[in-house]
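Colleague: Got a sequence here, can you build the structure:
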Amino acid sequence: FLFYFLFCTMDGWTINGKSSRCYQFWKEYCYCASQADRLNESQCHLYKEDYFECLNGSKERERFYKILEHAAERKIAPPPFTDH
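Modeller: Okay, here's the model as predicted:
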């Protein structure tokens, strides 16, 4: 309950009136955390992982660098990288 009250009552709106790009992931994680067994936090691991991927993009960058390495090995032009 304390987790839900402190962290899941955020409204998710930015200063320009739009919802933040990761807010849907945050809502799904908070819903899971509020419904999950208190002793078993691993039930919401995938939701948490999705949320952090949305924030940081570390898996996306890792995959892009692997594509760059593969392109360099085959001497082909790499795809353009567009950061969020």
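
Colleague: thinking Asp50 is in contact with Phe25, fair?
Modeller: Yes. With contacts counted by C-beta atoms under 8 Å, Asp50 reaches Phe25, the gap being 5.0 Å. The way it works is simple: take the backbone N, C-alpha and C, and place the C-beta from them, glycine included.

Colleague: more neighbours, those two?
Modeller: Comparing Asp50 with Phe25 by neighbour count (other C-beta atoms under 10 Å), the higher total belongs to Phe25, at 19 against 16.

Colleague: Tell me which helix or strand the more buried one sits in.
Modeller: Phe25 belongs to helix 23-35 when assigned by DSSP states H and E.

Colleague: Quick one: list the elements packing against that helix.
Modeller: The contact analysis (3 or more C-beta pairs under 8 Å, 6 or more residues apart in numbering; DSSP states H and E) places helix 23-35 against helix 2-7, helix 45-56.

Colleague: ok, 6 Å please
Modeller: helix 45-56 (3 or more C-beta pairs under 6 Å, 6 or more residues apart in numbering; DSSP states H and E).

Colleague: Could you give me the buried positions within the helix it packs on?
Modeller: Going by neighbour count (16 or more other C-beta atoms under 10 Å), the buried part of helix 45-56 is Tyr47, Lys48, Asp50, Tyr51, Cys54.

Colleague: And Cys44, how close does it get to Ile76?
Modeller: Relative to Ile76, Cys44 is positioned 41 Å away (criterion: C-beta to C-beta, to the nearest Å).

Colleague: Those two - which one has more neighbours?
Modeller: Taking other C-beta under 10 Å, Cys44 and Ile76 do not tie; Cys44 has more neighbours (20 against 9).

Colleague: List the residues that contact that one.
Modeller: By C-beta atoms under 6 Å, 6 or more residues apart in numbering, the contact list for Cys44 reads Cys32, Ala33, Ala36.
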